[in-house]
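Peer 1: Whatever this is, show me its structure:
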Amino acid sequence: MDFTKPNIIRNFFYSLKKIYKVDKIYVIETIVYTVISALIVFMYPYILKIAIEAIEQNLEFKELIVKVLAIVIIVLILVFINQACWRDKAYRARKLSVIFTREYHLESLKTDYEKFELPESQDAFEKGSRALGVRSGFIGLYTNMFTTISKIITFIIGCGIILRVSFWLIGIIVLLAILKLFLMSYNTKKEKSNFHDKTPGLWRKINYTDNISKNLSIGKDLRIYEMDKFIDMERQKTIDEYMRLYKKEEIRSNFINIVIEILNILDEIVLYAFMIYEVINYNMSIADFTFIIAAIRTLSSSLTIIINNYSNNLSQSLQVNDYREFMMMDLSFNGNTRPFSWDEVEIEFKNVSYSYYMQEGFTLKNLSFKIHKGERIAIVGHNGAGKTTLIKLICGFYHPTEGEILINGVNINEIDRESLIKLIAPVFQDSNHYAVSIKENVAMETIGNIDEEKLYNALELAGLTKKVKELKNGIDTIITRDMDDTGVELSGGESQKLSIARAIYKDAPFVILDEPTSALDPLAEYDLYINLNKIINKNSAIFISHRLSSTKFCDRIFYLEKGELIEVGTHEELMSIDSEYKKLFNMQAEYYKEAKE
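Peer 2: Predicted coordinates for the structure are as follows:
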């Protein structure tokens, strides 16, 4: 499907179907509101027409009141219904926006991590999110299209009234309207291609620099190193580029808007000149003149709204296009996956190489190894050796550029996402927690499904029991103050322990510990190593740490250098030869000796 061309009708029915699926009452209310709004605008001038005719015909006051009162009662009933629909519609529109936004972000979590990480995917996601507001995208297009339908009905009724005067008058009005419609359509398309399509990347940069100032995790560095000057400079550069695009587009857009305003003035002059001519030459009654003038004004107003709405509809339709384009992007991994269930895990890399997007060369080069069931592997190497990339490959976040990864003899690309998630319990280098309770952060389940005995055991093994007992609300304590003023901020070490507790609670057959003790003090690190057998149990495990004392607890050591696996062996084997691992281990040992002295 071609999403470069806006199709307002197609996108309107797409939006209508999407909205109707979630809230049928909202659609019914909109239809009622649309019909009443189209009819009611002519009832006010009609009341005036009746009153003037009564005066011209010398009707009794009582008869006039009866005629007018009947119409006024009908108008009041319609106004009451319309107001009730309008107020409820506003609430339901807000609710729909929340629902659509939630669905959109949940859908993004189903995408392939590697593909979603690409800049073009991020830009497409940002553009698609613009369709989720109350006045934009689906709801905006839906609302404006029904407003347009209402005004079209009003226009048709107005034309029927004005046809009593002249067919040519209608022709002039329509001709000017078509010209204005063309100019607005051109203006909206240019605005999208020249401005909106070029700004998502700029907005990501602006949002980043705006949000970084309130990011508590880096607040200390920002202040101590006066990074605000650098950030402000980067932000200003981005804003300057944004404003350059905006100013250029605004100059072009203003010129077209001036032309449209000139046509609006010409429209009014033609209409009133025609009516004055009719009164002078054809003795039109004051009542008819008043009513037709009101009809012309209503018709002219309806046309203006239809034309303005066309511009809005076009813009909102393009937003719906962006949403649909993102949703139809091939962001899932193209593999024929199926579910698997294993209690034990054996992982094999066969000639695996990996290259990042737009990267020259490989981050990982021709890796071949096997991690046996129940085996514990230490992966060591200098920064940039490829350790974290290797972990992302095992987790299924990235896919090999060359070679294959086998889990229990099955290619990882054939294992469905749910099965792979159940196999792995990682503790990543950067600990991330959520603004919910400690028990929810550990169990990552809804409160009713949490096994508290298992939870307390995980906290004990991770070394967090004492901290939790000190807290007023214990395991019900909320982490961070983002969602709760009574929330607590954990230290770096406590945060890392919470991540370890999460991995213990999950009890997956393959455990990944990526720098799990980097924020722990030596005593806490020692306790963790002592509990390592209980933590990992009979599971397979990968252990990444710059503190090489941890490698003694592992069955084998993999030494990576510049993406290549250059050494494999036990601690004793590698220490018995002139290995790179031995050099690194002795270097650290010497450092500790010097520090002790």
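Peer 1: Got the confidence number for the nearest residue to residue 570 once chain neighbours are set aside?
Peer 2: Closest residue to residue 570 apart from its sequence neighbours, by CB to CB, 6 or more residues apart in numbering: residue 556 at 5.9 Å. To be clear about C-beta, it is placed using only N, CA and C from the backbone, and glycine gets the same treatment. Note for residue 556: predicted pLDDT of 92.
Peer 1: Who does residue 556 form a beta bridge with?
Peer 2: Residue 556 has these beta-bridge partners by DSSP bridges: residue 377.
Peer 1: Verify the contact between residue 507 and residue 424 for me.
Peer 2: No. With contact defined as CB atoms under 8 Å, residue 507 does not count as touching residue 424 (11.6 Å).
Peer 1: Comparing those two, which residue is more hemmed in?
Peer 2: Using other CB atoms under 10 Å, the more surrounded residue of residue 507 and residue 424 is residue 424, with 22 against 12.
Peer 1: Count the residues that sit near the nearest residue to the more buried one once chain neighbours are set aside.
Peer 2: Of all residues not flanking residue 424 in the chain, residue 510 sits nearest, at 5.1 Å (CB to CB, 6+ apart). The number of residues packed near residue 510 is 25, by other CB under 10 Å.
Peer 1: List the contacts of residue 510.
Peer 2: Shown in contact with residue 510 (CB atoms under 8 Å, 6 or more residues apart in numbering): 345, 347, 394, 423, 424, 425, 539, 540, 541, 542.
Peer 1: Let's see that with 7 Å instead.
Peer 2: By CB atoms under 7 Å, 6 or more residues apart in numbering, residue 510 lies in contact with 345, 423, 424, 539, 540.
Peer 1: where does it sit relative to residue 305, distance-wise?
Peer 2: 62 Å (CB to CB, to the nearest Å).
Peer 1: Okay, buried residues for the host helix or strand of residue 140 please.
Peer 2: In the assignment (DSSP states H and E), residue 140 maps to helix 137-162. By neighbour count on 16 or more other CB atoms under 10 Å, the buried set for helix 137-162 is 137-155, 157-159, 161-162.
Peer 1: How far does that helix sit from its chain's centre?
Peer 2: In this view, helix 137-162 has its centroid 31 Å away from the chain centroid, taken as CA atoms, centre = their mean, to the nearest Å.
Peer 1: tell me the secondary structure for residue 329?
Peer 2: Following DSSP: H, G, I helix; E, B strand; the rest coil, the label given to residue 329 is coil.
Peer 1: so what's the residue nearest to residue 424 scoring on pLDDT?
Peer 2: 92.
Peer 1: How about it: which residues does it bridge to?
Peer 2: Beta bridges link residue 510 to residue 424, residue 540 when assigned by DSSP bridges.
Peer 1: any idea how far it lies from residue 552?
Peer 2: 21 Å.
Peer 1: ditto for residue 117
Peer 2: Using CB to CB, residue 117 is found at 36 Å from residue 552.
Peer 1: now do residue 45
Peer 2: 92 Å.
Peer 1: Residue 54 too?
Peer 2: Following CB to CB, the distance that separates residue 54 from residue 552 is 105 Å.
Peer 1: Equivalent analysis for residue 12, please.
Peer 2: Applying CB to CB, the value for residue 12 to residue 552 is 67 Å.
Peer 1: So for those two, which sits in the more crowded spot?
Peer 2: residue 12 (22 against 13).
Peer 1: what about the more buried one, which helix or strand?
Peer 2: Taking DSSP H and E as the definition, residue 12 sits inside helix 8-22.
Peer 1: Pull out the buried residues from that helix.
Peer 2: 8, 11, 12, 14, 15, 16, 18, 19.
Peer 1: now residue 157, nearest residue through space, not along the chain?
Peer 2: residue 42 (6.1 Å).
Peer 1: On the pLDDT front, check the one you found for me.
Peer 2: 76.
Peer 1: residues contacting it?
Peer 2: Residues in contact with residue 42, defined by CB under 7 Å, 6+ apart, are 157, 295, 298.
Peer 1: How far off centre is stretch 315-326?
Peer 2: With CA atoms, centre = their mean as the basis, the mean position of stretch 315-326 lies at 14 Å from the chain mean.
Peer 1: Pull the number of nearby residues for residue 492.
Peer 2: Residue 492 - counted by other CB under 10 Å - has 12 other residues nearby.
Peer 1: do residue 475 as well
Peer 2: Residue 475: 20 surrounding residues under other CB under 10 Å.
Peer 1: mind listing the helices for the stretch 401-550 of the chain?
Peer 2: With DSSP state H, counting those that start in this stretch as the criterion, the stretch 401-550 of the chain has helices at 417-423, 438-443, 452-462, 465-470, 492-506, 522-530, 532-536.
Peer 1: contacting residues around stretch 462-477?
Peer 2: Under CB under 7 Å, 6+ apart, the answer for stretch 462-477 is 437-439, 455, 459, 488, 494, 497-498, 500-501, 504, 524, 527-528.
Peer 1: switch the cut-off to 8 Å
Peer 2: With CB under 8 Å, 6+ apart as the test, stretch 462-477 has contacts from 437-439, 442, 452, 455-456, 459, 486-488, 494, 497-498, 500-501, 504, 524, 527-528, 531, 535.
Peer 1: which phi and psi does residue 135 have?
Peer 2: phi -110, psi 10 (degrees, to the nearest 10).
Peer 1: Could you check the pLDDT of it?
Peer 2: We note a pLDDT of 86 for residue 135 in this prediction.
Peer 1: ok, it to residue 144 distance?
Peer 2: Separation of residue 135 from residue 144 (CB to CB): 9 Å.
Peer 1: can you check residue 496 too?
Peer 2: Separation of residue 496 from residue 144 (CB to CB) stands at 51 Å.
Peer 1: Also residue 243?
Peer 2: Separation of residue 243 from residue 144 (CB to CB): 28 Å.
Peer 1: Can you give me the domain assignment for the chain?
Peer 2: Using automatic domain parsing, the domains assigned to the chain come out as 8-327, 347-433+510-596, 436-489.
Peer 1: one step back: and the helices of the stretch 401-550 of the chain as TSV, adding distance to residue 233 and mean pLDDT?
Peer 2: Shown next, in TSV, are the helices of the stretch 401-550 of the chain (distance: least, CB to CB, whole Å; pLDDT from 0 to 100):
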stretch	distance to residue 233	mean pLDDT
helix 417-423	42	87
helix 438-443	37	88
helix 452-462	42	89
helix 465-470	41	89
helix 492-506	29	87
helix 522-530	40	71
helix 532-536	46	73
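Peer 1: closest to residue 69 out of these?
Peer 2: Closest to residue 69 of the helices of the stretch 401-550 of the chain is helix 438-443 (CB to CB; 63.2 Å).
Peer 1: Please work out the angle formed by the directions of the helix holding residue 12 and helix 137-162.
Peer 2: Orientation check (axes from the mean of the first three to the mean of the last three CA atoms, to 10 degrees): helix 8-22 against helix 137-162 gives 120 degrees.
Peer 1: Can you dump the C-alpha atoms of helix 8-22 in PDB for me?
Peer 2: This file holds the C-alpha atoms of helix 8-22, laid out as PDB (Å, rounded to 0.1, in the frame of the first residue of the first chain):
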ATOM      1  CA  ILE A   8      -8.700  11.000   3.200                       C
ATOM      2  CA  ILE A   9     -11.700   8.700   2.600                       C
ATOM      3  CA  ARG A  10      -9.700   5.500   3.000                       C
ATOM      4  CA  ASN A  11      -8.100   6.700   6.200                       C
ATOM      5  CA  PHE A  12     -11.500   8.100   7.500                       C
ATOM      6  CA  PHE A  13     -13.100   4.600   7.200                       C
ATOM      7  CA  TYR A  14      -9.900   3.000   8.700                       C
ATOM      8  CA  SER A  15     -10.200   5.400  11.600                       C
ATOM      9  CA  LEU A  16     -14.000   4.900  11.900                       C
ATOM     10  CA  LYS A  17     -13.600   1.100  12.000                       C
ATOM     11  CA  LYS A  18     -10.800   1.400  14.600                       C
ATOM     12  CA  ILE A  19     -12.900   3.700  16.800                       C
ATOM     13  CA  TYR A  20     -16.100   1.700  16.400                       C
ATOM     14  CA  LYS A  21     -14.300  -1.500  17.500                       C
ATOM     15  CA  VAL A  22     -13.300   0.200  20.800                       C
END
